[in-house]
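Peer 1: next comes the sequence, and after it the predicted model I'd like to discuss.
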Amino acid sequence: MLTPEQLESEYNARAAIADHPQIFARWSEESSAARGRLQVDADRRFGPAPAETLDFYPTAGRNAALLVFIHGGYWRSLDKQDFSFLAPAFVDAGVAVAMPNYGLAPTTSIAEMVRQMLRALAALYRDASQLGIDRERIVVAGHSAGAHLAAMMLAADWPRWSPDLPADLLRGAVCISGIYDLRPLVHAAFLQDDLRLDTRTAKFVSPVNYRPGLATPMITAVGADESAEFRRQNRLIRGAWRHCFRDDLPLPGRHHLASVEALGAASHPLFGATLRLLRGRS
């Protein structure tokens, strides 16, 4: 077991990036520019809680593939609009993008965040015709805490959640710098006031404790400059879900925050791999 000091060093990714305030400021500026350039159906409601809204970025034409991006922030910070900068490359490539919000800790439990994302994906599937998207080409992606939530979507038993939903609701998943076994976080002092995890609840919301019923393709990625624990977590989900694993994209020279930027860079292999997944070529 890691000591409290080791947990802080390994899992407090933001603290390890000295210029993170400047990075967040740049994301905000780039995201504002993206919303100014793209058409957006903002704050589209999908559930009863105040946070249960999403931004939908359509693309030209009908029957487009859909990328659903779930943001990170350790389940306790950030917002869908902080990541609008990821949308333009996909929209320009003919892919619609949806970015849902979820309630944040400590007000919202991680288990409830999972349920909120289930509602978001279900709503997008049901509204496919209205939105002009192909309900057979929905891919979920996420970064950090969002990668955890994306993995939980891949593990979902959709017909059990709602009988009108198909088992193969998702075409695939892209999980970037995620945490898939939350049990180490039980002892992470910098998170406990917000997440309030114990061993039982951490196990309940850990993707590695579930097995997707279908071999739905999953792509993983983690920055080469991220901590040993984030790299271990990346290996963990690949090993646990071998029947789903398709590829692990190397992210050389990238720390935890820079890892997600690769997703929205049209020239990066991670973008290309995600695009192929959306087009049905994993």
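Peer 2: On my side now, so go ahead. Just so we're clear, the structure is a prediction, and the values are computed from it rather than from any experiment. Residues are numbered from 1 along each chain as shown.

Peer 1: all strands of the stretch 101-250 of the chain, in order?
Peer 2: 133-143, 172-176, 218-223, 245-251 (DSSP state E, counting those that start in this stretch).

Peer 1: and the shortest one, which strands flank it?
Peer 2: Note on strand 172-176: by DSSP bridges, its sheet partners are strand 133-143 (parallel), strand 218-223 (parallel).

Peer 1: show residues contacting the shortest one.
Peer 2: Right, strand 218-223. 151, 154, 172-178, 230-231, 233-234, 237-238, 241, 244-251, 253-256, 258-259, 262, 270, 273-274, 277, 282 (CB atoms under 8 Å, 6 or more residues apart in numbering). Glycine gets a C-beta too; all of them are placed from N, C-alpha and C.

Peer 1: over to the first one?
Peer 2: For strand 133-143, the surrounding residues in contact (CB under 8 Å, 6+ apart) are 63-72, 96, 121, 124-125, 128, 148-151, 153-154, 169-178, 259-260, 263, 274, 277-280.

Peer 1: still on that earlier bit, of the strands of the stretch 101-250 of the chain, which approaches Phe190 most closely?
Peer 2: strand 133-143 (19.2 Å; CB to CB).

Peer 1: list the buried ones in that closest one?
Peer 2: Across strand 133-143, burial judged by 16 or more other CB atoms under 10 Å covers 133-135, 137-143.

Peer 1: what does stretch 251-259 give?
Peer 2: Quick answer for stretch 251-259 (16+ other CB under 10 Å): 251, 254-259.

Peer 1: now do stretch 221-241
Peer 2: Neighbour counts over stretch 221-241 (16+ other CB under 10 Å) mark 221-223, 225-227, 229-231, 233-234, 236-238, 240-241 as buried.

Peer 1: can you check stretch 255-271 too?
Peer 2: Here stretch 255-271 shows 255-264, 268, 270-271 as buried, counting by 16+ other CB under 10 Å.

Peer 1: one more: stretch 46-57?
Peer 2: 46-47, 49, 51-57.

Peer 1: ok, residues contacting it?
Peer 2: Taking CB under 8 Å, 6+ apart as the rule, stretch 46-57 contacts 38-45, 80-81, 84, 87, 90-91, 96-104, 108, 116, 119-120, 123-124, 131.

Peer 1: narrow those to those in helices?
Peer 2: Mapping the contacts of stretch 46-57 onto helices (DSSP state H) picks out 87, 90-91, 116, 119-120, 123-124, 131.

Peer 1: and which of those residues is nearest Asp198?
Peer 2: Of all the ones in helices among the contacts of stretch 46-57, Asp198 sits closest to Gln116, with 21.4 Å by CB to CB.

Peer 1: for the ones in helices among the contacts of stretch 46-57, which one is nearest Leu197?
Peer 2: Gln116 (17.8 Å).

Peer 1: which residue is the nearest non-sequential neighbour of the closest one?
Peer 2: Spatial nearest neighbour of Gln116, chain neighbours left out: Tyr102 (4.5 Å); criterion: CB to CB, 6 or more residues apart in numbering.

Peer 1: distance of the one you found relative to Ala120?
Peer 2: If you measure Tyr102 against Ala120 using CB to CB, to the nearest Å, the figure is 8 Å.

Peer 1: equivalent analysis for Pro250, please.
Peer 2: Counting by CB to CB, the separation of Pro250 from Ala120 is 30 Å.

Peer 1: which one's more surrounded, these two?
Peer 2: Ala120 (26 against 12; other CB atoms under 10 Å).

Peer 1: surely that one is in contact with Lys80?
Peer 2: No: here Ala120 lies out of contact with Lys80, judged by CB atoms under 8 Å, at a distance of 10.4 Å.

Peer 1: thinking again about what came up before, number of nearby residues for the residue nearest to Gln116?
Peer 2: Using other CB under 10 Å: Tyr102 sits among 28 other residues.

Peer 1: quick one: residues contacting Cys201.
Peer 2: To be clear, residue 201 is Thr; Cys isn't right here. By CB under 8 Å, 6+ apart, the contact set of Thr201 is 109-111.
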